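> One predicted model, sequence on top.
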Amino acid sequence: MRAVDLHTHSNKSDGSYPPAELVDYAIEKGLGAVALTDHDTTDGLAEAIARAEELSLAGKPSVEVIPGIEFSTKLDSQDVHIVGLCIAYDSPVFRTRLQEFVDSRTGRNIKMCRNLQEAGIDITYEKLQAENPGAVITRAHYASYLFEKGYVQSRKEAFDRYLGDHTKYFVPREKVTPAQAVKLILEVDGIPILAHPPLYHMGKERLENLVASLKEDGLMGIEVLYSTYTNQDERDMLRLAEKYDLLRSGGSDFHGKNKPNLDLGVGFGKLFVPEEYLTAMKHALQEKNEAPQKGRADI
């Protein structure tokens with residue numbers, strides 16, 4: 001059975017590969033499918049899908065591209081990420097909501113640049129945009145800028161000194177809640193997935209409460225395989241998937257050079273997400289679409 005990778009990023013958010021090159025690399029790695037799940041944007045999906053179709057029509061090896069997104073949400077003071085897979089990304093209402101997220105990021109980024117300027121750093125939002133054309137600017141872009149300009153010795157130092165949540169330069173932005181992200185993904189016929197839960201360090205009871213609550217909101221899956229999971233993490237996530245009847249998902253969280261040594265499809269070397277996970281998702285979507293749709297508003 002082939003491997004798939006259901007959590008990746010391109011340079012449309014904080015990855016380093018253009019979407020078409022990500023597709024080419026997925027083919028080189030022999031993946032059966034790759035999901036592009038950029039942060040709060042779908043801008044790379046058309047390019048990725050077009051590249052896969054171009055290769056297929058030319059009779060060349062190709063790969064299935066799963067349209068996706070990763071929402072950065074907030075639960076109280078806790079960051080929680082919700083991945084949406086198989087989304088109808090060209091929905092006008094969906095695109096309007098995404099633009100609202102981008103506008104929120106823009107306001108935050110302008111304020112953060114002003115704060116860093118007061119620290120003696122030659123940075124503007126326009127300079128960040130010029131160095132990362134077409135990308136949704138995230139703190140990873142700041143870290144790269146500070147490192148490449150010689151203000152820090154590593155990207156980690158950039159977060160420790162300037163970009164982390166508890167530094168005086170950080171500016172939070174308004175975020176949707178995990179429940180809102182789940183519901184938005186459902187509205188565009190996608191599969192909402194709770195991304196890499198062990199990374200939140202919530203503790204078992206609080207995490208299980210979150211999963212139970214999101215299940216009531218329509219959560220359909222959870223990442224049971226991920227690049228940094230321990231064997232115990234995998235067992236814990238599988239237990240939650242079974243207890244709450246959730247689809248299993250997994251991915252590398254590939255960012256190219258922005259996450260060194262973490263490779264597409266295999267993470268740090270041992271990751272293997274079986275194609276049957278994606279097959280189960282497709283079956284779930286088919287059953288969902290065939291079920292009576294009562295009281296569902298058109299979008």
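That came through fine. Remember, predicted model here, so these are calculated numbers, not experimental data. Residues are numbered from 1 along each chain as shown.
> make it CA atoms for all contacts and neighbour counts henceforth
OK.
> just checking, S72 touches D79?
Yes. If you go by CA atoms under 8 Å, S72 and D79 touch, sitting 7.0 Å apart.
> who has more neighbours, those two?
It is S72, of S72 and D79, that has more neighbours when counted by other CA atoms under 10 Å, with 18 against 14.
> any idea what the closest residue to that one other than its chain neighbours is structurally, helix, strand or coil?
Using CA to CA, 6 or more residues apart in numbering and skipping residues adjacent in sequence, the residue nearest S72 is H81, 4.9 Å away. At H81 the chain is in strand, as set by DSSP: H, G, I helix; E, B strand; the rest coil.
> can you give me the offset of the helix or strand that contains L207 from its chain's centre?
If you go by DSSP states H and E, L207 is part of helix 204-217. Distance of helix 204-217 from its chain centroid, counting by CA atoms, centre = their mean, to the nearest Å, is 20 Å.
> for that helix, packing partners?
Judged by 3 or more CA pairs under 8 Å, 6 or more residues apart in numbering; DSSP states H and E, the packing partners of helix 204-217 are helix 178-187.
> how big is the angle separating the helix it packs on from helix 204-217?
Put simply, helix 178-187 runs at 40 degrees to helix 204-217, going by axes from the mean of the first three to the mean of the last three CA atoms, to 10 degrees.
> Which SSE is immediately downstream of helix 178-187?
strand 191-194.
> what are the C-alpha coordinates of the helix holding L207, in PDB please?
Extracted in PDB, the C-alpha atoms of helix 204-217 (Å, rounded to 0.1, in the frame of the first residue of the first chain):
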ATOM      1  CA  LYS A 204      -5.100  14.000  28.800                       C
ATOM      2  CA  GLU A 205      -8.300  15.100  30.500                       C
ATOM      3  CA  ARG A 206      -8.400  18.600  28.900                       C
ATOM      4  CA  LEU A 207      -7.500  17.200  25.500                       C
ATOM      5  CA  GLU A 208     -10.200  14.600  25.700                       C
ATOM      6  CA  ASN A 209     -12.700  17.300  26.700                       C
ATOM      7  CA  LEU A 210     -11.700  19.300  23.600                       C
ATOM      8  CA  VAL A 211     -12.100  16.200  21.400                       C
ATOM      9  CA  ALA A 212     -15.500  15.400  22.900                       C
ATOM     10  CA  SER A 213     -16.700  19.000  22.500                       C
ATOM     11  CA  LEU A 214     -15.500  19.300  18.900                       C
ATOM     12  CA  LYS A 215     -17.100  15.900  18.000                       C
ATOM     13  CA  GLU A 216     -20.400  17.500  19.000                       C
ATOM     14  CA  ASP A 217     -19.600  20.400  16.600                       C
END
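> Buried residues in the lowest-mean-pLDDT helix or strand in the chain, which are they?
One helix or strand of the chain scores below all others by mean pLDDT, DSSP states H and E: helix 92-118, with a mean of 87. Neighbour-count burial for helix 92-118 flags 94, 98, 101-102, 105-106, 108-109, 111-116 (criterion: 16 or more other CA atoms under 10 Å).
> which one of those sits closest to H7?
The shortest approach to H7 among the buried residues of helix 92-118 belongs to L98, at 18.8 Å (CA to CA).
> Now do the contacts for the closest one.
Counting by CA atoms under 8 Å, 6 or more residues apart in numbering, L98 touches 40-41.
> pLDDT wise, what is the residue nearest to S72 at?
With respect to pLDDT, H81 has a value of 97.
> What segments of the protein are strands?
3-8, 33-36, 64-75, 78-85, 191-194, 221-226, 247-251, 273-274 (DSSP state E).
> number of nearby residues for Q153?
Q153 has 12 neighbours, counted by other CA under 10 Å.
> And it, how far from F159?
Between Q153 and F159 the computed distance is 11 Å (CA to CA, to the nearest Å).
> Could you check stretch 229-245 and say which residues are buried?
For stretch 229-245, by 16+ other CA under 10 Å, it's 229, 233-234, 237-238, 240-241, 244.
> Would you mind checking which of those is nearest to K183?
Distance to K183 across the buried residues of stretch 229-245 (CA to CA) is lowest for Y244, with 17.7 Å.
> hang on, isn't the closest one packed against L214?
No. Y244 lies out of contact with L214 (CA under 8 Å); the separation is 10.2 Å.
> OK, contacts around L116?
Each residue near L116 by CA under 8 Å, 6+ apart is listed here: 122-123, 162, 169.
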